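1. predicted model follows, preceded by the sequence.
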Amino acid sequence: MPSDFVGRRALADRATRRFALVTLVDSIGSGMFLTASVLFLTQWAGLTPSQIGTGLAVSAGVALLLSVPVTVAAERLGVVRALVLLQIWRGGWFLAYLTVETFPAYLVVCCMLGLALRVIGPLTQSVVAAATSKEDRVTTMAMMRSVQNAGFGVGAFAGTLVIGAGSRAALAGPIVFTAVSLFAAAALLRGLPVPVVPAASIRRSSAWRQLRSLRDRRYLLLTALSGVLVLHMTLLTVGLPLWIVEHTDAPPAVVGVSLLANTVLVVLLQVRASRGCDDVRVAGRRMVLSGIALAVFCALLAASGEMSAVPATAAILLAAITLTMGELWHSAGAWGISFELAPVDRRTEYLAVFNLGTIVQGIVGPPLVTALVLPLGTPGWLMIGVVLMVAAAAVPAVTRLSSPHDAELAVE
């Protein structure tokens, strides 16, 4: 076996282990914050639910406008150094939450944190691509996502115990812990063994020059289709709970059971669901499976509204499982496609563009589900199921479209 291959493999293994630890530390803190955030912002900062929602919407808008150019600019620092600085940045702004007493102050903190989070995603993928072989990239992302879900679960449980104390100091605990976890993640990222991948386009020109990725029709279409499928995030966190509570006879406790089942299945199955997705054709087929699973989820949820408590509960739990399978297949397919169709010297830029689909879904998804799908009931669920299936079915054909950069992809 060639010595350079052995050396690269050892380097990749060390980087993967370090990344897994960083992901675990980061996600435990994030899980604590998500559990306590609404109580903290309403009881500590005195904000209204409407103000919190407005802040999140504005934050998503800022990320949509700035995440790509900021990501490309950050790459000039070196992706690892940029990740370290962004984790420190996030930790500092989380501590700033403790000083928030007005809506404008909350808006600033929310936007600074939201933008940083959206920049970290493509930078992390870029580091994974540089540190691992082509065959291991998607598997590494899947492993990290499994660890992330486990960390979220631990953090959410810990956050629940802390805020259960009911004191003002207890509300601040998850905020401080989250900041400390991000500083720890930054320390772990320092010295991450990642080979430098030349980014000729960045060195030759300004990072603010017109982005070539925005002229790649194939990549933009795939970004849009993936953005439609990533609606599974809103369906899980908004659509499913509201439908159970307001439109079915199932007990409200089914919400918690469904979310727990989702977390456990992602931890157990994400790596298995991602196998083979380093091949664009396989990744495209996983996206199709994702659309089918999400359409079945919509049909089962629609049917649950016409059932009595016991069969409705069974239909909802089965729906939660199919939703999770759709989520697993979408994640795997999206990683494979976004990695394999991005030119090496502009990989970070392309990954940042692909991430726009998730950002747009975060803006459009919640009002779409709450203002259209849920009020329409069964027709609404069937309509969104058809949209998801059609979007998924289009993915393989779009991956076969020609691109100006196909020659560059062939030499990787």
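-> Nice, I can see it.
2. what helices or strands is the helix or strand where V387 lies leaning on?
-> Applying DSSP states H and E as the criterion places V387 in helix 378-399. Here helix 378-399 touches helix 217-229, helix 280-304, helix 309-340, going by 3 or more CB pairs under 8 Å, 6 or more residues apart in numbering; DSSP states H and E. Bear in mind the C-beta positions are built from the backbone N, C-alpha and C, glycine included.
3. what's downstream of the shortest one, the next helix or strand?
-> So the one you mean is helix 217-229. helix 232-234.
4. starting at the chain centroid, how far to that following helix?
-> The chain centre lies 10 Å from the centre of helix 232-234; the measure is CA atoms, centre = their mean, to the nearest Å.
5. then stretch 212-232?
-> Distance, stretch centre to chain centre, for stretch 212-232: 15 Å (CA atoms, centre = their mean).
6. follow-up on the earlier one: what's the helix holding V387 in contact with?
-> Here helix 378-399 makes contact (CB atoms under 8 Å, 6 or more residues apart in numbering) with 218, 221-222, 225-226, 228-229, 231, 280-281, 283-285, 287-292, 294-299, 301-303, 305-306, 333, 337, 341, 368-369, 372-374, 376.
7. filter those to the buried ones?
-> Taking 16 or more other CB atoms under 10 Å as the criterion, what is buried in the contacts of helix 378-399 is 218, 221-222, 225-226, 228-229, 231, 280, 283-285, 287-292, 294-299, 301-303, 305, 333, 337, 341, 368-369, 373-374.
8. in the helix holding V387, what's buried?
-> Buried residues in helix 378-399 (16+ other CB under 10 Å): 378, 380-382, 384-385, 387-389, 391-392, 394-396, 398-399.
9. tell me the angle of that helix relative to helix 280-304?
-> On the basis of axes from the mean of the first three to the mean of the last three CA atoms, to 10 degrees, helix 378-399 is oriented at 180 degrees to helix 280-304.
10. redo the helices and strands packed on helix 378-399 as JSON lines? Include distance to Q125.
-> Listed next are the helices and strands packed on helix 378-399 as JSON lines, based on distance: least, CB to CB, whole Å:
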{"stretch": "helix 217-229", "distance to Q125": "13"}
{"stretch": "helix 280-304", "distance to Q125": "14"}
{"stretch": "helix 309-340", "distance to Q125": "7"}
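11. dump those to JSON lines, plus distance to G173 and mean pLDDT.
-> What follows is the helices and strands packed on helix 378-399, written out as JSON lines (distance: least, CB to CB, whole Å; pLDDT from 0 to 100):
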{"stretch": "helix 217-229", "distance to G173": "36", "mean pLDDT": "96"}
{"stretch": "helix 280-304", "distance to G173": "36", "mean pLDDT": "97"}
{"stretch": "helix 309-340", "distance to G173": "31", "mean pLDDT": "96"}
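12. which one, of the ones you listed, ends up nearest to G121?
-> Closest approach to G121 among the helices and strands packed on helix 378-399 (CB to CB): helix 309-340, 10.6 Å.
13. circling back to that earlier point, just want the angle from the helix holding V387 to helix 217-229.
-> Using the same axes, to 10 degrees: helix 378-399 against helix 217-229 is 160 degrees.
14. could I have helix 378-399 exported to PDB, CA atoms only?
-> Provided in PDB are the C-alpha atoms of helix 378-399 (Å, rounded to 0.1, in the frame of the first residue of the first chain):
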ATOM      1  CA  THR A 378     -56.300  16.600   4.200                       C
ATOM      2  CA  PRO A 379     -56.100  18.500   0.800                       C
ATOM      3  CA  GLY A 380     -53.200  20.500   2.200                       C
ATOM      4  CA  TRP A 381     -51.200  17.400   3.200                       C
ATOM      5  CA  LEU A 382     -51.900  15.700  -0.100                       C
ATOM      6  CA  MET A 383     -50.900  18.800  -2.000                       C
ATOM      7  CA  ILE A 384     -47.500  19.200  -0.200                       C
ATOM      8  CA  GLY A 385     -46.900  15.500  -0.600                       C
ATOM      9  CA  VAL A 386     -47.300  15.700  -4.400                       C
ATOM     10  CA  VAL A 387     -44.900  18.700  -4.500                       C
ATOM     11  CA  LEU A 388     -42.300  16.900  -2.500                       C
ATOM     12  CA  MET A 389     -42.500  13.800  -4.700                       C
ATOM     13  CA  VAL A 390     -42.300  15.800  -7.900                       C
ATOM     14  CA  ALA A 391     -39.300  17.700  -6.700                       C
ATOM     15  CA  ALA A 392     -37.500  14.500  -5.700                       C
ATOM     16  CA  ALA A 393     -38.300  12.800  -9.000                       C
ATOM     17  CA  ALA A 394     -36.600  15.600 -10.900                       C
ATOM     18  CA  VAL A 395     -33.300  15.300  -9.100                       C
ATOM     19  CA  PRO A 396     -31.700  12.400 -11.100                       C
ATOM     20  CA  ALA A 397     -32.500  14.100 -14.400                       C
ATOM     21  CA  VAL A 398     -31.100  17.500 -13.300                       C
ATOM     22  CA  THR A 399     -27.800  15.800 -12.100                       C
END
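15. could you check the angle helix 309-340 makes with it?
-> 20 degrees.
16. and helix 378-399, average pLDDT?
-> Mean pLDDT, helix 378-399: 97.
17. any regions of this structure where pLDDT drops low?
-> 1-12, 166, 193-210, 404-412 (pLDDT under 70).
18. what are the ranges of the strands in it?
-> Per DSSP state E, the chain carries no strands over any range.
19. what packs against the longest helix seen in it?
-> Counting residues, the longest helix found in the chain (DSSP state H) is helix 3-39. Counting contacts by 3+ CB pairs under 8 Å, 6+ apart, helix 3-39 packs against helix 103-131, helix 137-163, helix 168-189.
20. switch the cut-off to 10 Å
-> helix 49-75, helix 79-96, helix 103-131, helix 137-163, helix 168-189 (3 or more CB pairs under 10 Å, 6 or more residues apart in numbering; DSSP states H and E).
21. closest to R272 out of the ones you listed?
-> Closest among these, using CB to CB: helix 137-163, at 8.3 Å.
22. list the buried residues of the closest one.
-> 137-153, 155-156, 158-159, 162-163.
23. tell me the domain ranges of the chain?
-> Per automatic domain parsing, the structural domains of the chain span 3-192, 213-410.
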